[in-house]
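Student: Need coordinates for the following:
(one chain, ligands or ions: 1)
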Amino acid sequence: MSLNYPAPIQRLIVQLKSLPGVGPRSAERMALWLLSAGRERGGLLADALRAIETEVVMCEDCGFYNEAGQACLLCSNDKRQRHIVCVVEQAADVLRLERSRAYQGQYHVLGGKLSPLDNVTPEDLRMDSLERRVAELPASEVILALGSDVEGEATANYIADLVRPLGVAVTKLAQGMPAGGGLDHVDELTLHHALQGRRAMS
Ligand SMILES: [Zn+2]
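Tutor: You can find the predicted model right below:
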């Protein structure tokens, strides 16, 4: 039998390796660092991980995160327009658009994008709640602020077909969006222009 780390360390490495962007070697390095950094450092990390389980909830309407027991800062803000919903892939995109200061409506976080290769189907995304929300608000415009890669386009087309029967205008971000990228590659000014110059989905 070849030598390996004790089982608890192996389990930690497996968990770290499952994080996005972390390969086996970085996972091993992090695990060893945590071991050498002492009990307190690891404890802080463990506390932070436990806290996101117990102290954070996802808003059932928009899909953004809030502290447990508090109203959603986005949905419950009555200064925000209610007739317009901006659909994004991930919660981080909400913050990017907020920083661009070009938008004062509602958001809807999908939680990803359609990707047959990764087995991501409409059922894996927050499509049902989008449909329900557009009808309930009711919204007159849905802005698709999705990436311009193949999956982003496919997701945009799917949503356009989903919500158009509800009688809403469907628009998407305009010029300046880089080909093949998500919102995380775009600076705030470009996002501002892209929102202002949004155009109807063909
Ligand atoms: Zn919300």
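
Student: can you pull the buried residues of the helix-or-strand element of the chain with minimal mean pLDDT?
Tutor: When each helix and strand of the chain is scored by mean pLDDT, DSSP states H and E, helix 188-196 comes last, with a mean of 79. By 16 or more other CB atoms under 10 Å, the buried positions in helix 188-196 come out as 190-195. Just so you know, the C-beta spots here come from the backbone N, C-alpha and C atoms, and that holds for glycine as well.

Student: Is there contact, residue-wise, from stretch 75-85 to the ion?
Tutor: Yes: Stretch 75-85 is in contact with the ion by CB under 5 Å from the ion, via Cys75.

Student: which parts of that stretch are buried?
Tutor: Under the neighbour-count criterion of 16+ other CB under 10 Å, stretch 75-85 has 75, 84-85 buried.

Student: what about Glu153, how many neighbours?
Tutor: 16 (other CB atoms under 10 Å).

Student: so who does it touch?
Tutor: Residues near Glu153 by CB atoms under 8 Å, 6 or more residues apart in numbering: Leu146.

Student: wait, is it part of a strand?
Tutor: No: read with DSSP: H, G, I helix; E, B strand; the rest coil, Glu153 is helix and lies in no strand.

Student: Nearest to the ion among the buried residues of helix 188-196?
Tutor: Among the buried residues of helix 188-196, Leu195 lies closest to the ion (CB to the ion), at 19.5 Å.

Student: need the residues of this protein near the ion, please.
Tutor: So the chain meets the ion at 59, 61-62, 72, 74-75 (CB under 5 Å from the ion).

Student: can you rerun that using 6 Å?
Tutor: Within reach of the ion by CB under 6 Å from the ion, the chain has these residues: 59, 61-62, 64, 72, 74-75.

Student: just how off-centre is the least confident helix or strand of the chain within its chain?
Tutor: Centroid separation for helix 188-196 versus its chain: 19 Å, with CA atoms, centre = their mean, to the nearest Å.
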